[in-house]
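Novice: this one's sequence-less:
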């Protein structure tokens, strides 16, 4: 299934044959620590400081970078499910030090 842009068009230009995680821009924008660090500083300027776990910050920032790369700024309440290959690649690159697995939300 092709990824769709915000207006519903397929993002074929950004997606190489195979997996989107093989695209050179994915590695540059979503896995490069220097790029993620700068993007995090931009996020931090608009929000409170995030978790102290550096890998958690990199994962969060990488997910946001991926969304911005393909769909632009979505705004509050507009969400997309990220492809599992993207989530797996980002989690594999920036693993959790103490994996917890699935947890039910606390209300």
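Specialist: Looks like it came in fine. Bear in mind that the values here come from a model prediction, so they are computed numbers and not experimental data.

Novice: helix or strand right after the one helix or strand residue 43 maps to?
Specialist: Element membership for residue 43, per DSSP states H and E: helix 33-46. Per DSSP H and E, the first helix or strand lying C-terminal to helix 33-46 is helix 54-71.

Novice: what angle separates that following helix from helix 33-46?
Specialist: Relative orientation of helix 54-71 versus helix 33-46 (axes from the mean of the first three to the mean of the last three Cα atoms, to 10 degrees): 90 degrees.

Novice: same for the helix or strand following helix 54-71, what does it pack against?
Specialist: Next along the chain after helix 54-71, taking DSSP H and E as the criterion, comes helix 84-93. Judged by 3 or more Cβ pairs under 8 Å, 6 or more residues apart in numbering; DSSP states H and E, helix 84-93 is in contact with helix 54-71. C-beta coordinates here come from the backbone N, C-alpha and C atoms, glycine included.

Novice: helices or strands up against the helix it packs on?
Specialist: Using 3+ Cβ pairs under 8 Å, 6+ apart: helix 54-71 touches helix 24-26, helix 33-46, helix 84-93.

Novice: dump the ones you listed into CSV; add mean neighbour count as well.
Specialist: Below are the helices and strands packed on helix 54-71 laid out as CSV (neighbours: other Cβ atoms under 10 Å):
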stretch, mean neighbour count
helix 24-26, 15
helix 33-46, 13
helix 84-93, 16
